[in-house]
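**Student:** Structural data only, the sequence is not supplied:
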């Protein structure tokens, strides 16, 4: 039905569309408000779930380097001098029945040189999905898990973290603050 409705709008002449909007302005405004309310509710639920996932993965990895982007995605960046940065970026997508219906985990790099540095080793382990290049970013989906399966989500994040940690040869860095010198 929704595709038919959209097709009807696309096929309308500008004057016909203008008349339709004028005649139905109140109903359209109400529909927009309902959509915005539904979308806001989904966003809030996803943010709450991301908060719980971030808390859990920080505990499992004993690493507070996990951050979130606007509360909607969880991220971890592996950086080491002389080696290109590589990231874990993950978040929820809504499904027809659930605001946090699916949790998607991606490995990302910025720039083709960074991707080329890791490509062979990544594709030996993560073969299910093809990498996607969008602008200067390469995105490799490594997992898609039901949003309600928090234990599986945390396990998958921990496995990707451990793999990339080993791949990057990243030693843990501890920052020491010395009063008067820092």
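**Tutor:** Ah, there it is. Because the structure is a prediction, the values reported are computed rather than measured.
**Student:** Give me the helices and strands touching the helix or strand in which residue 75 is found, please.
**Tutor:** If you go by DSSP states H and E, residue 75 is part of strand 73-80. Strand 73-80 is packed against helix 25-61, strand 67-69, strand 83-93, helix 150-168, with contacts defined by 3 or more C-beta pairs under 8 Å, 6 or more residues apart in numbering; DSSP states H and E. Just so you know, the C-beta spots here come from the backbone N, C-alpha and C atoms, and that holds for glycine as well.
**Student:** Quick check: which of those is buried the most?
**Tutor:** Neighbour counts (mean count of other C-beta atoms under 10 Å) averaged over each of those peak at strand 83-93, with a mean of 20.
**Student:** What helices and strands are in contact with the next helix or strand after that strand?
**Tutor:** Later in the chain than strand 83-93, the nearest helix or strand by DSSP H and E is strand 102-110. In this structure, strand 102-110 packs against strand 83-93, helix 112-125, strand 137-146, helix 150-168, with contacts taken as 3+ C-beta pairs under 8 Å, 6+ apart.
**Student:** Would you mind listing the outside residues contacting strand 102-110?
**Tutor:** With contacts defined as C-beta atoms under 8 Å, 6 or more residues apart in numbering, strand 102-110 is touched by 53, 84-93, 95, 115, 117-118, 122, 126, 136-147, 149, 153, 156-157, 160, 164.
**Student:** Touching, residue 146 and residue 156? I think so.
**Tutor:** No: counting by C-beta atoms under 8 Å, residue 146 stays clear of residue 156, with 11.3 Å between them.
**Student:** Any buried residues in stretch 132-150, and which?
**Tutor:** The neighbour-count criterion (16 or more other C-beta atoms under 10 Å) identifies 137, 138, 139, 140, 141, 142, 143, 145, 147 as the buried residues of stretch 132-150.
**Student:** in the chain, which ranges drop under the pLDDT threshold?
**Tutor:** Applying pLDDT under 70 to the chain picks out residues 1-3, 170-182.
**Student:** Repeat the analysis, applying 80 as the threshold.
**Tutor:** Where the chain drops to pLDDT under 80, the residues are 1-9, 12, 14, 170-182.
**Student:** returning to that earlier point: which members of the buried residues of stretch 132-150 are the farthest-apart pair?
**Tutor:** 138 and 147 (25.2 Å; C-beta to C-beta).
**Student:** so residue 105 bridges to which residues?
**Tutor:** For residue 105, the beta-bridge partners are residue 90, residue 143 (DSSP bridges).
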